[in-house]
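Colleague: here is my input; please provide its structure:
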Amino acid sequence: MSQTPAVEGTGTPSPSSPNQAASSVTLYVTLATLRGCSIPNLCDESHLIGALRDACQRAQFSELQISVKTFEPEGSGVTGVAIIGESHVAIHTWPEHGSLFLDVASCSTYESTQRALEAVQDAFPGSTLVRRDDIIHES
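Modeller: The predicted model follows:
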């Protein structure tokens, strides 16, 4: 599923701003919602860690740390984040809806965010991509 990402914030830093670098930074962001995910997988911290790790490897991100938090009562969902040298990959699950939300942000390439999305989709076989937003933010 290939989409043309929206471009935001194409302004150039002002040379009179002492706190801004002379060169611009581009951040590639992919936001996605998957539905029809396996409920046991949505509640399983180790499954989420594996999905985050696979996303980092497939996207060739520099994985620095992965952290997950299971919410109470049991079955209320899990949030996991991979802190990467390029920014982050985050997954938030809603087992009661059989869905998850993915947030991938990277200063490397647009293609890397797409590979991370594909890895998460592969970790939740049978799920359906119901919404996806791609953003290129330049500052």
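Colleague: which outside residues touch stretch 117-133?
Modeller: 1, 3, 6, 29-38, 41, 47, 50-51, 54-55, 57-59, 91, 99-100, 102, 104 (CB atoms under 8 Å, 6 or more residues apart in numbering). The C-beta positions use only the backbone N, C-alpha and C, and glycine is treated the same way.
Colleague: buried ones in it?
Modeller: Buried residues in stretch 117-133, defined by neighbour count with 16 or more other CB atoms under 10 Å: 117, 119, 120, 121, 123, 124, 127.
Colleague: and if you look at stretch 99-106?
Modeller: Of all the residues in stretch 99-106, those buried under the rule 16+ other CB under 10 Å are 99, 100, 102, 103, 104, 105, 106.
Colleague: for residue 23, state which of these is nearest.
Modeller: Closest to residue 23 out of those is residue 106 (17.4 Å), distances taken as CB to CB.
Colleague: what sits closest to the closest one if chain neighbours are left out?
Modeller: residue 86 (4.3 Å; CB to CB, 6 or more residues apart in numbering).
Colleague: from residue 120, how far off is that neighbour?
Modeller: As judged by CB to CB, to the nearest Å, residue 86 and residue 120 stand 16 Å apart.
Colleague: next SSE after the least confident helix or strand in the chain by mean pLDDT?
Modeller: Between all helices and strands in the chain, the lowest mean by mean pLDDT, DSSP states H and E belongs to strand 6-8, at a mean of 47. Using DSSP states H and E, the next helix or strand after strand 6-8 towards the C-terminus is strand 26-35.
Colleague: and the very next helix or strand once past that next one, how far out from the chain middle?
Modeller: Next along the chain after strand 26-35, taking DSSP H and E as the criterion, comes helix 39-42. Computed by CA atoms, centre = their mean, to the nearest Å, the chain-centroid distance of helix 39-42 equals 18 Å.
Colleague: helix or strand right after helix 39-42?
Modeller: helix 45-59.
Colleague: report the angle between the helix or strand just after that next one and helix 45-59.
Modeller: Counting by DSSP H and E, the next helix or strand C-terminal to helix 45-59 is strand 63-70. Between strand 63-70 and helix 45-59, the angle comes out at 150 degrees (axes from the mean of the first three to the mean of the last three CA atoms, to 10 degrees).
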